[in-house]
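*Asks:* Sharing a model that was predicted from the sequence below.
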Amino acid sequence: MNDQPSPDTKDWTVVLSETCTECGIDVRALNTTQIAELVRAATGHFTRVLAAPGAGDRPAPAVWSTHEYCAHVAEMYRVMHERLGLMLDHDAPEFANWDQDEAAIRGAYAHIHSAEVARSLEESAEGFAAALEALTDEQIPRLGTRSNGAVFSTATLAQYAWHDAAHHLHHDLGVARTAES
């Protein structure tokens, strides 16, 4: 696996103002409690596809494998949980840059044992979901700014994170959408 996927340069914050044109998911009406439930419900779907034969095989040299997508989602949940914490602990923090493509290379996603990816995914999903459920009404409008200037409230951060996970699950990994995902 010497070839790396082409870096994703799309500004995915567009999903906060419209339905995703690639996967059809619309996160705009979801609140943080609903997103916490969706994150938990999706975890089983991710761990099932991770355990499937061939999950570590890339469909093409420059396309992540199921295994790599699952490792990415686990790390994304951790990053979003950290950002949520910053938003609660500080007034309008600016988040450090997180390059998902660089993180995949640095973290050697393809070489992490699948049981470790599953454990990491379960733990990070649960931690993020619990943090979302613990938000109070007063904390929902708290803001944080990404390194590229995109501003998030705690609610839109949750929506953005859920889109990322659901997009990969349904669009990239081919898991059929259900009422709970």
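*Replies:* Arrived safely, thanks for sending.
*Asks:* Asp101: which element?
*Replies:* Secondary structure from DSSP states H and E places Asp101 in helix 100-106.
*Asks:* Show me what that helix is packed up against.
*Replies:* Using 3 or more CB pairs under 8 Å, 6 or more residues apart in numbering; DSSP states H and E as the contact criterion, the neighbours of helix 100-106 among helices and strands are helix 66-89. (Glycine included, C-beta is placed from N, CA and C.)
*Asks:* coming back round to it: what's the helix or strand that comes right after the helix holding Asp101 in contact with?
*Replies:* Taking DSSP H and E as the definition, the helix or strand that follows helix 100-106 towards the C-terminus is helix 114-133. By CB atoms under 8 Å, 6 or more residues apart in numbering, the surrounding residues in contact with helix 114-133 are 32-33, 35-37, 39-40, 42-43, 46-47, 50-51, 55-56, 67, 70-71, 73-75, 77-78, 80-81, 84-85, 109, 112, 158, 161.
*Asks:* pLDDT (mean, whole number) over stretch 125-136?
*Replies:* Mean pLDDT, taken over the full extent of stretch 125-136, equals 98.
*Asks:* Show me which residues of that stretch are buried.
*Replies:* Within stretch 125-136, the residues that qualify as buried are Ala125, Glu126, Gly127, Phe128, Ala129, Ala131, Leu132, Leu135, counting by 16 or more other CB atoms under 10 Å.
*Asks:* C-alpha coordinates for it, CSV please?
*Replies:* Coordinates of each C-alpha in stretch 125-136 appear next as CSV, following Å, rounded to 0.1, in the frame of the first residue of the first chain:
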residue,chain,number,x,y,z
ALA,A,125,-17.9,6.8,19.7
GLU,A,126,-19.1,6.2,23.2
GLY,A,127,-17.0,9.1,24.6
PHE,A,128,-18.2,11.5,21.9
ALA,A,129,-21.8,10.4,22.3
ALA,A,130,-21.7,10.7,26.1
ALA,A,131,-20.2,14.2,25.8
LEU,A,132,-23.0,15.2,23.4
GLU,A,133,-25.7,13.9,25.7
ALA,A,134,-24.2,15.9,28.6
LEU,A,135,-24.5,19.2,26.8
THR,A,136,-26.8,21.7,28.5
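*Asks:* just how off-centre is it within its chain?
*Replies:* In this view, stretch 125-136 has its centroid 14 Å away from the chain centroid, taken as CA atoms, centre = their mean, to the nearest Å.
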